[in-house]
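# Provided below for reference: sequence and predicted model.
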Amino acid sequence: MRVFMNEPVERMNGPYARRWWALLVLCLSLLMIVMANTALTVAAPSMTQDLGLSSTDLQWVIDGYTIPYAALMLLFAAIGDKYSRRGALVLGLVLFGGGAIWGSLVDSATGVIAARAVMGVGAALIMPATLSLVAATFPRAERTKAITLWAGTAGIAIAAGPLIAGVLLESFSWQSTFLINVPVIALAIVGAFALVPPSKATHAPRIDYVGGLLSVVWIAALVFTLIEAPHGWDAKAVTGTVVAVVGLVAFVLWELHHPHPLLDPRRFANRAFTGANIAVVLFFLAVFGAFYYVTQHLQFVLAYDALETGLRMLPLAGAVFAGSVLTGYLTPRVGRRAVIVAGMVGGTAALALLTQVDKSSSYGDFVAPLITLGLAMGLAIAPCTDAIMGAFPEEELGVGSAVNDTSTELGGAIGIAILGSLLSTSYSSGLSDATAGSKLPADALSQAQDSVAAGYGVAQGIGDQARQLTEQAARATDPQQAAQLQEQADQLANGAHQMADAVGSAFADAVAHTSLVGAAILGVGAVTVALLLPGRGRTADTAAESGSKPGEGNMSSAGLEKEPELTRTNP
């Protein structure tokens, strides 16, 4: 048995014998880069305290990873297609590992943000490479099953990140959430050379670097705007919007006239391709938005620590796995459109259940929404990914993967921007109403309105003042003075209790309000996607629309449901 796998998959006469082991390596790589963001949700409080991060610093620790990750995927995927998909994977793993080591060693906000940006560049190489290698390595009859496992891994990683970070933070500092990546990366690199066959496009044209640069500009500007706009339409947000719009227009015009475009905009005339991308964007809008505020509710309102929060997200991971099994069974029998729409309806139902959250809600009230959301993810994501990848020929597998992954990242960024902004506004307004008539100083109220963490911080500060007065009363020698101090302490203690109660109530109401809006968005999206996606009997018609024969260029690996809208649209 050879130690290193050097035979290109394009030269193999039959299916690669160790393809399922190769899939394990690719899923391990994917698991790591998805967990890099979700693990930070529970590591953030420790990191904030240790490094003295402001709310803006913490935001950029998170988004310093997201911007290069989303912006660079299209260009890096095209480079990987032309030169080496496995090479792109390994280079990405090396960059990601280097950023992780750097992030564990720095002791400043700037250093952590820079390290996270390097990790984002590595992730932009890894993410499209994993999916394109899955598609290139597996024969069409097995491709849907492999993509389903790949997509299920991404869903499980969303819930596994907080759990693993929570376990580490029980005994170690926040740096451990960076260093845990290093042995995994080493294992993935060895596995990539030993088990993953090299692959590249056999007839790749010259890379459209101008189109690639324009894609980087407009996607980076769009993600930047989504990050900045919720804080107010200042000069940075307006500039980001202008750059994003101008960059997108320039990108589309350039691609329409380029003989070998990086991403042909005409491809969006394909209803299956467009519908699947819309479904991915909207689904991850809902998932990342809900994950953003559910984890906060568990940590701050219900007072679970990092490990306890991670454990309580496990129903989501288990349900994702169950949904992935279901989609493999259902898709060949009822069709891709039915499964995707069912997943979106399930996601809508999960958010609708979260509208029942109030100040008296316990963890038990979150179990059904988490399970429903996980099942919906498992159902919808794999067939969407399969539809998007099926729209690209073998030479552009990396670009197809990048389109899918960019839709995922944009959906997550939009979800956190829109639902996160709505959550903040609703919480601030609710807290103002709940504390109306109180003697809380204006600056303390303003601070408490910043976030649920800040609100509980203000309540804790008032409680600390009450305890100090109680201690002074106990030491006072004058009974009258002692009585006055104790009375003031009792008033402050009561005020601290009322403040904490108001914060929890305001945030719970904000969760319910935000979930209602999220459910409405995903529900409307489900109807839109149902109208866009072709039915199982549209083969001849849609083949004519795409300008190709039924099944020509179709990469859908199920072999059971060939939808010609997944064929390549030739300009």
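Cool, the structure landed.

# check contacts around the closest residue to Leu492 other than its chain neighbours.
With sequence-adjacent residues excluded and distances taken as C-beta to C-beta, 6 or more residues apart in numbering, Leu492 is closest to Ala466, at 3.7 Å. The way it works is simple: take the backbone N, C-alpha and C, and place the C-beta from them, glycine included. Shown in contact with Ala466 (C-beta atoms under 8 Å, 6 or more residues apart in numbering): 489-490, 492-493, 495-496.

# Within the helices and strands, which one has Ala466?
helix 452-475 (DSSP states H and E).

# what's the answer for Ala192, then?
Counting by DSSP H and E, Ala192 is part of helix 181-195.

# could I get that helix in CSV with only the CA atoms?
This file holds the C-alpha atoms of helix 181-195, laid out as CSV (Å, rounded to 0.1, in the frame of the first residue of the first chain):
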residue,chain,number,x,y,z
ASN,A,181,-6.9,23.1,16.0
VAL,A,182,-3.1,22.4,15.7
PRO,A,183,-3.1,18.5,16.2
VAL,A,184,-6.3,18.3,14.1
ILE,A,185,-4.6,20.2,11.3
ALA,A,186,-1.5,18.0,11.5
LEU,A,187,-3.7,14.9,11.2
ALA,A,188,-5.7,16.4,8.3
ILE,A,189,-2.5,17.3,6.3
VAL,A,190,-1.1,13.8,6.7
GLY,A,191,-4.5,12.4,5.8
ALA,A,192,-4.7,14.6,2.7
PHE,A,193,-1.5,13.3,1.3
ALA,A,194,-2.1,9.7,2.2
LEU,A,195,-5.8,9.4,1.4
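
# what's the longest helix in the protein?
Secondary structure of the chain per DSSP state H: the longest helix is helix 479-532.

# same question for that one, mean pLDDT?
Helix 479-532 shows a mean pLDDT of 91.

# got it, and stretch 314-324?
Rounded mean pLDDT across stretch 314-324 is 89.

# can you start the count at 28 instead of 1 from here on
New numbering, starting at 28: the last item is stretch 341-351.

# Other residues contacting that stretch?
175-176, 178-179, 182-183, 185-187, 190, 370, 394, 397-406, 409.

# In this structure Asp528 contacts Leu458, no?
No. With contact defined as C-beta atoms under 8 Å, Asp528 does not reach Leu458; the gap is 11.0 Å.

# neighbour-wise, which of these two wins?
When Asp528 is set against Leu458 and neighbours are counted by other C-beta atoms under 10 Å, the residue ahead is Leu458, at 25 against 13.

# Near the closest residue to the more buried one other than its chain neighbours, how many other residues are there?
Closest residue in space to Leu458, ignoring its immediate chain neighbours: Ala533 at 4.1 Å, by C-beta to C-beta, 6+ apart. The local packing count at Ala533 equals 26, with neighbours defined by other C-beta under 10 Å.

# For Leu458, give its distance to Val485.
According to C-beta to C-beta, to the nearest Å, Leu458 and Val485 sit 10 Å apart.

# Could you do Ile106 as well?
50 Å.

# and if you look at Leu378?
From Leu378 to Val485 the distance is 30 Å (C-beta to C-beta).

# These two: which is more packed in?
Leu378 (27 against 24).

# if we can go back for a sec, in contact with the residue nearest to Leu458, which residues are there?
Ala533 touches 454, 457-458, 460-461, 482, counting by C-beta under 8 Å, 6+ apart.

# cutoff 10 Å now
Contacts here follow C-beta atoms under 10 Å, 6 or more residues apart in numbering; on that basis Ala533 touches 328, 386, 453-462, 475-476, 479, 482.

# Going through the residues you listed, which ones are buried?
328, 453-455, 457-458, 461-462, 475-476, 479, 482 (16 or more other C-beta atoms under 10 Å).

# now for those residues, which pair is the farthest apart?
Greatest spacing in those, by C-beta to C-beta: Val328 and Thr462 (16.6 Å).

# Give the residue farthest from the middle of this protein.
Going by C-alpha atoms, centre = their mean, the residue of the chain most distant from its centre is Asp505, 60.8 Å out.

# quick one: that one and Gln511 touch, right?
Yes. When contacts are counted by C-beta atoms under 10 Å, Asp505 is listed as touching Gln511 (9.1 Å).

# how about the strands in the stretch 128-277 of the chain?
Secondary structure of the stretch 128-277 of the chain, counting by DSSP state E, counting those that start in this stretch: no strands present.

# Flag the shaky bits of the stretch 278-427 of the chain, pLDDT-wise.
The stretch 278-427 of the chain contains no residues with pLDDT under 70.

# now with 80?
333 (pLDDT under 80).

# the strands in it, which residues?
For the stretch 278-427 of the chain, applying DSSP E, counting those that start in this stretch gives no strands.
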